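Q: no FASTA, just this:
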RNA sequence: GUCCCCGUCGUCUAGGGGUCUAGGACACCGGGUUUUCAUCCCGGCAACAGGGGUUCGAAUCCCCUCGGGGAUGCCA
């Protein structure tokens, strides 16, 4: 990782700025974590910092390699790049906590030896009972009853077959100030962080609050930018750092992302995994732009900004302190903007899977026509997947009729119009297709909506779509003729349907 | 319960004592362009949680209340 320059504003004069994103591989990349990752990435670009990806997989039950892989894939899809991580290596690895157990063990021994930690033989059941009882009276805090066990007592417990956890001995009456880049100075007292907390489980696996600070120190992380849900636990981590004589990084706690009921964003609010956003046809540019703007605004009040523009303007201290509600509507709007920004050629590979879903083989369509169709349909696609609704009107032989279109086509006016359209094709040579609309207009005497509504329904099966002239031109004489004849068979001759609709 | 964070239009936000009859964006409503719908353009609706201070002056500073969120796990 050569070439990174020290950034005067944030570095300490000796080390370059180092950031990290540390997901737990217990499922898909969640939108809230994606935002944290994006902010970290943007800051790393802005300050020329190293971005470290660390996998926090000490919850053996819930962690999986598949999750890790999907998270890495989603991060890459978003355009996030990291300099060190389990996949690319680096000088401060390994980058999976499950592969660093020996390291943590040494620190645990040190803590035990110095009396900063002790074995606790309380069982989970005992703790639950204590917690439940405390809940009735009010505040709960671990009693510290194993703090001063004699050797004999420990022996007895071990003989019973109890496997101890290791608890950190929380110092009395110590003030911990978290100087947060976003929240400002937050003051805690060691008196009310819940008592001595477990740092190593009875099966020997260390716990998050304990090793996160060790890894941040060992990986020389200078700035920890993470979700606000970690703020309350930060004093525990700092106390550990003090006991171990480890440096404490600069913190920045990001306000959380909520659902529309002000509750933590979850599945019932809509889709929450980045993976699903991709499948629904959101563009990574849109997601990055939206998530970056959630809790931050550009000086010139512009909302659509490229990654480079955001990087140029974003600053840790200017990020919002308050939680933001995730607005799916605005994301869609932003996505539609990015869809329109792309050329038909760029869009083609992205929409091909959706075309396939509605039975359109892009390779079988003349390329020129395909690109023209995409160009025409672009403004109608908020999501890439919306192409499924619109592509058939230009690329299928006979598109299906919408309910609304059916209603229109059954009207008396449509009957007149379909007949006139039908006779147009039996009387007029193909070179005169350009006259189609005007001829029908003249023959029927219809105009405006009265003319275009049924005509659009007849030709495209929908009431919405690109300019009809363009549609007709793209479909060509034969294409239009087929559709008119088809509608004529159904609505005028009332012949039974054949073939696909 | 306890500790911590937060509180400007429905939503995201601008705002750091006077330039605020509070600005922008999404959504919504109206109008225009389009021989039609959408796109696009123009316009409108709409907020400083409440109460006390401090000050000549408070959305901005302080306190209280209320409301929301987070933590309080052998989860992260």
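A: Good, I have the coordinates. All values derive from a computational prediction rather than experimental measurement. Numbers count the residues shown, from 1 in each chain, chains lettered A, B, ... in the order given.

Q: Mind checking the pLDDT average for the lengthiest helix in chain A?
A: Identified as the longest helix of chain A according to DSSP state H is helix A:468-487. Averaging pLDDT along helix A:468-487 gives 86.

Q: What residues sit buried inside that helix?
A: Of the residues in helix A:468-487, those with enough neighbours to count as buried (16 or more other Cβ atoms under 10 Å) are A:468, A:471-472, A:474-475, A:477, A:479-481, A:483-487. Yep, even glycine has a C-beta here, placed from its N, CA and C like the rest.

Q: For the stretch 1-150 of chain A, which segments are assigned as helices?
A: Secondary structure of the stretch 1-150 of chain A (DSSP state H, counting those that start in this stretch): helices located at A:31-46, A:65-78, A:101-114, A:124-137.

Q: Tell me which helix or strand in chain A has the weakest average pLDDT.
A: Taking all helices and strands of chain A together, the one with the lowest average confidence (mean pLDDT, DSSP states H and E) is helix A:124-137, at a mean of 77.

Q: Just the buried residues of it, please?
A: residue A:130.

Q: The helix or strand following it: how far from the chain's middle?
A: Helices and strands here follow DSSP states H and E; after helix A:124-137, the next one along the chain is helix A:151-159. Averaging C-alpha positions (Cα atoms, centre = their mean, to the nearest Å) puts helix A:151-159 50 Å from its chain's average.

Q: ditto for stretch A:104-115
A: The chain centroid and the centroid of stretch A:104-115 are separated by 39 Å, computed with Cα atoms, centre = their mean.

Q: That one close to RNA strand B?
A: No: for a cut-off given as Cβ under 7 Å from any atom of the strand, stretch A:104-115 has no contacts with RNA strand B; the smallest distance is 11.3 Å.

Q: Which residues outside that stretch are in contact with it?
A: With Cβ atoms under 8 Å, 6 or more residues apart in numbering as the contact definition, stretch A:104-115 has outside contacts at A:117-119, A:166, A:168-169, A:199-200, A:206, A:210-211, A:214, A:243-244.

Q: Now compare these and name the two farthest from each other.
A: By the measure Cβ to Cβ, A:119 and A:214 form the most distant pair in the contacts of stretch A:104-115, at 19.6 Å.

Q: Name the residue in those two with the higher neighbour count.
A: The residue with more neighbours, out of residue A:119 and residue A:214 and counting by other Cβ atoms under 10 Å, is residue A:214; that gives 22 against 18.

Q: so how many other residues sit close to the closest residue to that one other than its chain neighbours?
A: For residue A:214, ignoring the flanking residues on the chain, the nearest one in space by Cβ to Cβ, 6 or more residues apart in numbering is residue A:107 at 5.8 Å. Using other Cβ under 10 Å, residue A:107 has 23 neighbouring residues.

Q: And residue A:374, by the same measure?
A: Applying the criterion other Cβ under 10 Å, we find 26 residues in the vicinity of residue A:374.

Q: got the residues of the stretch 401-501 of chain A near RNA strand B?
A: Taking Cβ under 7 Å from any atom of the strand as the contact definition, the stretch 401-501 of chain A meets RNA strand B at A:437-438, A:441, A:447-449, A:451-453, A:456, A:463-469.

Q: Can you give me the buried ones in stretch A:425-434?
A: Buried positions in stretch A:425-434, judged by neighbour count with 16+ other Cβ under 10 Å: A:425, A:433.
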